[in-house]
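Trainee: Pasting a predicted model and its sequence here:
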Amino acid sequence: MSYSVPPNSSEQGLADRVWAFGCRKGVALVLVGALASCGPKERAPTEPGPGPSVSPISRLLPFESHTVLSYRTTNDLGEETLVVMEIERPHPNQGEIWIAGHRQSFSIRQDAVERAEGGFLLREPLEIGRSFQGPFGVVTIDGLGETVNVPAGELRDCLRTVEEGSNPPRTVETTYCAEVGIAKIVISGHGEAELRHVESVLTAYGPRIDLRQAQ
């Protein structure tokens, strides 16, 4: 699959640029590649769902409706891109992530968060060395109780996973932080990958603001 990056001439153009960037790269961000799928961009309205149960996994991946997270993405070609993720929770057992108008659905349980297409983001037991099947390969928990510094601030009680994928060959390191969600993703490509390094760091997060209501 190959996408070109069009000039950024409007806000919608920026959204399209973000999506094209994610889909065209061999080591595309999990934010845009693993969490989102190259599907229709039509978005149906959703009603706010109830908050998640308080469990170790729901603390690391809150899935609270109308939460927005923004990320600064850089790669080894010197390109920098803004990625904005919006969270919806239409049902207690279902979560959604929207990126550039594209939706990815997840099944949410007390002990796991799984993509609708298959592959777990997180799965208990949350112990160092534990492995499970992820979206693209085997995921291993590599760190617990960590503190990370990103543009959004110093985040504590974080868990780090490492996923080894073979199609395409790449390593994905993802950091989840309590009460926040995904704080950092580092992707390293192998073999003939177009990019060898892509890094995404959280710059801001919080509830979505409706400017129309604020006026």
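Mentor: Alright, I've got the coordinates.

Trainee: Now do the buried residues in stretch 92-111.
Mentor: 94-106, 108 (16 or more other Cβ atoms under 10 Å). Quick note: C-beta positions are derived from backbone N, CA and C, even for glycine.

Trainee: Throw those residues into TSV and include pLDDT, distance to Ser65 and secondary structure, thanks.
Mentor: TSV is the format used below for those (pLDDT from 0 to 100; distance: Cβ to Cβ, whole Å; DSSP: H, G, I helix; E, B strand; the rest coil):
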residue	pLDDT	distance to Ser65	secondary structure
Gln94	96	11	strand
Gly95	96	9	strand
Glu96	96	9	strand
Ile97	95	12	strand
Trp98	95	11	strand
Ile99	93	16	strand
Ala100	87	19	coil
Gly101	88	18	coil
His102	92	18	strand
Arg103	94	14	strand
Gln104	95	15	strand
Ser105	96	14	strand
Phe106	97	13	strand
Ile108	96	12	strand
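
Trainee: Which one of those is nearest to Gly181?
Mentor: Proximity of the buried residues of stretch 92-111 to Gly181 (Cβ to Cβ) peaks at Ile97, which lies at 9.5 Å.

Trainee: what bridges to the closest one?
Mentor: With DSSP bridges as the criterion, Ile97 is bridged to Ile87, Gln104.

Trainee: Val148 contacts Leu155, correct?
Mentor: Yes: contact criterion Cβ atoms under 8 Å: Val148 and Leu155 qualify, at 5.3 Å.

Trainee: and for those two, which residues touch both?
Mentor: Here Val148 and Leu155 have 177, 183 as joint contacts, going by Cβ atoms under 8 Å, 6 or more residues apart in numbering.

Trainee: Nothing else from me, thank you.
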